[in-house]
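Novice: take a look and give me a structure for this.
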Amino acid sequence: MTDSPEILSLLSAERDRYILEALDLERRLSFIRHQINSLEGLISGYAQEDQMYHPLGGLSSLSSTQAYLQDSSRQFNRHYEAAASPIVETTSSSSTQVASSTAASNLAASKPKPDISDIPKLHISRKASTIPLLTQYQDYSVQNAILILMRHNPTTHFHVDAIVRDLYGDGLDEEQFKIAKATVSKMLSTGTQARLWYRVLHTQGVYTLTYEKGVTSKPPKGK
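Specialist: As a prediction, this is how the structure comes out:
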């Protein structure tokens with residue numbers, strides 16, 4: 001039984017390693033889900049554009065979409081390379097703990113936390129009937145929660161459906177999702193007018209934090 005502490009330490013370190021890998025996979029899945037939703041928005045936008053404009057009108061949107069797809073590819077490559085952590089096999093308690101600690105440090109460093117100190121929290125209580133946001137957003141208004149989400153992913157193109165899931169989780173029923181989407185859509189429109197973020201051109205319901213000429217809508221006049 002003298003080996004029990006060492007065995008427990010090894011098992012604990014191995015468990016922590018798998019927890020880190022699970023978090024890594026969840027983060028990659030979330031990123032891929034965002035990209036799928038954004039591409040669905042582009043497809044929907046083009047389908048409507050084909051019905052509204054003559055063929056020559058699609059040239060500028062084609063250039064915009066190509067730029068977006070190239071940016072998405074670069075984002076995924078950076079995201080994958082930064083998130084990937086080598087699996088280290090060890091035979092001692094101390095080396096396993098070092099490997100686990102290194103993986104945790106790499107995971108944290110790959111995605112630095114943005115500064116959200118300027119984003120105010122709510123000073124009033126929400127109505128009991130309000131659909132609750134996820135824990136990390138409960139102290140903020142819906143508009144500020146969207147801003148926090150985008151600051152964590154400043155180059156990502158967000159589809160409104162993905163924003164709803166990221167703010168409220170995946171447990172909403174059909175009616176709750178409809179209500180939450182209406183609220184988020186309203187706040188996205190208001191935030192666009194306030195230049196908190198920008199609408200991606202030639203799409204429906206796709207927004208991003210950073211203005212990019214030819215890819216996003218122009219800043220409102222007088223801002």
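Novice: now do stretch 176-184: everything it contacts.
Specialist: By CB atoms under 8 Å, 6 or more residues apart in numbering, the surrounding residues in contact with stretch 176-184 are 131, 142, 146, 160-161, 163-164, 167-168, 172. No exception for glycine: its C-beta is placed from N, CA and C like everyone else's.
Novice: with only the CA atoms kept, save it in CSV.
Specialist: Extracted C-alpha coordinates of stretch 176-184, given in CSV (Å, rounded to 0.1, in the frame of the first residue of the first chain):
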residue,chain,number,x,y,z
GLN,A,176,-37.7,29.9,-26.1
PHE,A,177,-35.2,29.9,-29.0
LYS,A,178,-37.6,32.0,-31.1
ILE,A,179,-38.0,34.6,-28.3
ALA,A,180,-34.2,34.7,-27.6
LYS,A,181,-33.4,35.1,-31.3
ALA,A,182,-35.8,38.0,-31.5
THR,A,183,-34.1,39.7,-28.6
VAL,A,184,-30.6,39.0,-29.9
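Novice: where do the strands of this protein begin and end?
Specialist: Here the chain has its strands, by DSSP state E, at 158-159, 198-199, 206-208.
Novice: would you convert those strands into JSON lines that also reports distance to T190 and mean neighbour count?
Specialist: Output for these, formatted as JSON lines (distance: least, CB to CB, whole Å; neighbours: other CB atoms under 10 Å):
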{"stretch": "strand 158-159", "distance to T190": "15", "mean neighbour count": "24"}
{"stretch": "strand 198-199", "distance to T190": "12", "mean neighbour count": "18"}
{"stretch": "strand 206-208", "distance to T190": "12", "mean neighbour count": "25"}
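Novice: would TSV of these with mean pLDDT be doable?
Specialist: Converted to TSV, the strands of the chain look like this (pLDDT from 0 to 100):
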stretch	mean pLDDT
strand 158-159	94
strand 198-199	94
strand 206-208	95
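Novice: reformat those as TSV; add distance to T135.
Specialist: Listed next are the strands of the chain as TSV, based on distance: least, CB to CB, whole Å:
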stretch	distance to T135
strand 158-159	20
strand 198-199	28
strand 206-208	23
